[in-house]
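1. fold the following.
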Amino acid sequence: MDSAQPFSYHQIWKSSDVTNRVVVAVDDDFRVRDSIARLAASAGLEVVVFPSAEEVLLSGVLARADCLITDVRMPGMDGLELRRQALTGYPKLPVIMISAHVDEAVRQRSLKEGVFEFLYKPFDGEELLRAIQKALEQTPEQ
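-> Next up is the predicted model:
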């Protein structure tokens, strides 16, 4: 490993029938990352998962992302701040927020600020896939 490069733990999931669409998912809970990755990969998407917002920003992967899925509450930088920072460089990137904490004020503010979709955990896999598909339909392929 090159010592000049920061260590980043992330996984890339690809199905055998992969498209060229890239979904980035961020959640501090491994089980959520794993289920999102498996679900999106089963739909033929390339999925890159991270345990923190900071690692996503350091990785440079947002340059090729077609959709960002992020948890709202995470240690360190939260999903709302990740969205703000991501949009400074990639203003058309659709963001799907997910949260285990029911907070309608946060949900409404997020949607008003342009979050593409806001889902509460546990969410139905089909519901997430529909949200991803709609987001990708509105985003030109890179």
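
2. assign the residue nearest the centre of the chain to helix, strand or coil.
-> Of all residues in the chain, the one closest to the mean position by CA atoms, centre = their mean is residue 69, 2.2 Å from it. Per DSSP: H, G, I helix; E, B strand; the rest coil, the local secondary structure of residue 69 is strand.

3. list the contacts of it.
-> Shown in contact with residue 69 (CB atoms under 8 Å, 6 or more residues apart in numbering): 23, 24, 25, 26, 27, 36, 95, 96, 98, 128, 132. Just so you know, the C-beta spots here come from the backbone N, C-alpha and C atoms, and that holds for glycine as well.

4. measure how buried the fifth one is and give me the count.
-> Neighbour count of residue 27, defined by other CB atoms under 10 Å: 25.

5. just residue 117 next, same as before
-> Number of residues near residue 117 (other CB under 10 Å) recorded here: 21.

6. from residue 140, how far off is the closest residue to it other than its chain neighbours?
-> In space, and not counting its chain neighbours, residue 117 is closest to residue 131: 4.1 Å by CB to CB, 6 or more residues apart in numbering. Taking CB to CB, to the nearest Å as the measure, residue 131 falls 18 Å from residue 140.

7. neighbour count winner among the two?
-> For the pair residue 131 and residue 140, the greater number of neighbours falls to residue 131 (20 against 8), based on other CB under 10 Å.

8. give me the element that one is part of.
-> Assigned by DSSP states H and E, residue 131 falls within helix 125-137.
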